[in-house]
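Peer 1: Quick one: sequence plus predicted model below, questions after.
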Amino acid sequence: MRPDFRVALAQKVRFLSNPASYPQPPSSIEAKETHMSWVFIADDWVLKLKKPVLRSHLDFSTIEARKFFCEEELRLNRRLARETYRAVKALYCDDGGNLTFEKSAHVVDWLVEMRRLPADDFLDARIAANRVSTAEMAAIPDRLARFYIG
């Protein structure tokens, strides 16, 4: 009988929140839940796990869909932030039912890997600290328009 390799979201969140789960454990991990994802923030990297949800405007309900949308997120966001969006990574489950990053035959989900950005360099923090020039602010709509239009 073939084991069932469906893994609950809560088990994935526990695993990804634990620094000991990683081949090179970070000093800490901060887990943040959004309406569509879990985000795991470590020392110098971030992983995003899409929740297995189905909404009228999107479908993350299958592992195939989550892989597709992870790849799309990487492809699209690299257009604006090539150095930030690093890769799509597989999350595996071994024959004993343990989650791992070690390559095995049982992929149970997909993650977007990103470089962690310094919080004080986010636009809202830069605005609050008065570290954004008028020229930089004026350039944002043009850059976004080029991104979305083509």
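Peer 2: Received it, and whenever you're ready, just let me know what you need.
Peer 1: domain assignment for this protein?
Peer 2: Following automatic domain parsing, one gets these domains for the chain: 9-116, 118-150.
Peer 1: which one of those domains is the most hemmed in?
Peer 2: Sort the domains of the chain by mean neighbour count, taking mean count of other Cβ atoms under 10 Å, and domain 9-116 sits at the top with a mean of 15. (Glycine included, C-beta is placed from N, CA and C.)
Peer 1: Start and end of that one, how far apart?
Peer 2: 23 Å (Cα to Cα, to the nearest Å).
Peer 1: Touching, Leu47 and Glu113? I think so.
Peer 2: Yes - in this structure, Leu47 is within contact of Glu113 by Cβ atoms under 8 Å, at 5.7 Å.
Peer 1: okay, and the common contacts of the two?
Peer 2: Lys89 (Cβ atoms under 8 Å, 6 or more residues apart in numbering).
Peer 1: Please identify the helix or strand for the spatially most central residue of the chain.
Peer 2: Among the residues of the chain, the one closest to the centroid is Lys48, at 2.0 Å (Cα atoms, centre = their mean). Lys48 is part of strand 45-50, with elements assigned from DSSP states H and E.
Peer 1: partner strands of that strand, parallel or antiparallel?
Peer 2: strand 37-41 (antiparallel), strand 107-115 (antiparallel) (DSSP bridges).
Peer 1: What's the first helix or strand after the longest helix anywhere in the chain?
Peer 2: What stands out as the longest helix in the chain, according to DSSP state H, is helix 63-81. Using DSSP H and E, the helix or strand that follows helix 63-81 in sequence is strand 85-93.
Peer 1: Can you pull out the low-pLDDT segments for this structure?
Peer 2: 1-5, 150 (pLDDT under 70).
Peer 1: give me that answer again for 80
Peer 2: Across the chain, the ranges flagged by pLDDT under 80 are 1-6, 105, 150.
Peer 1: got a list of what the closest residue in space to Arg6 that isn't next to it in sequence touches?
Peer 2: Using Cβ to Cβ, 6 or more residues apart in numbering and skipping the chain neighbours, the partner closest in space to Arg6 is Val108 (7.4 Å). Val108 sits next to Phe5, Arg6, Val7, Lys12, Ile63, Leu91, Tyr92, Cys93, Leu99 when contact means Cβ under 8 Å, 6+ apart.
Peer 1: Brilliant, that's me finished.
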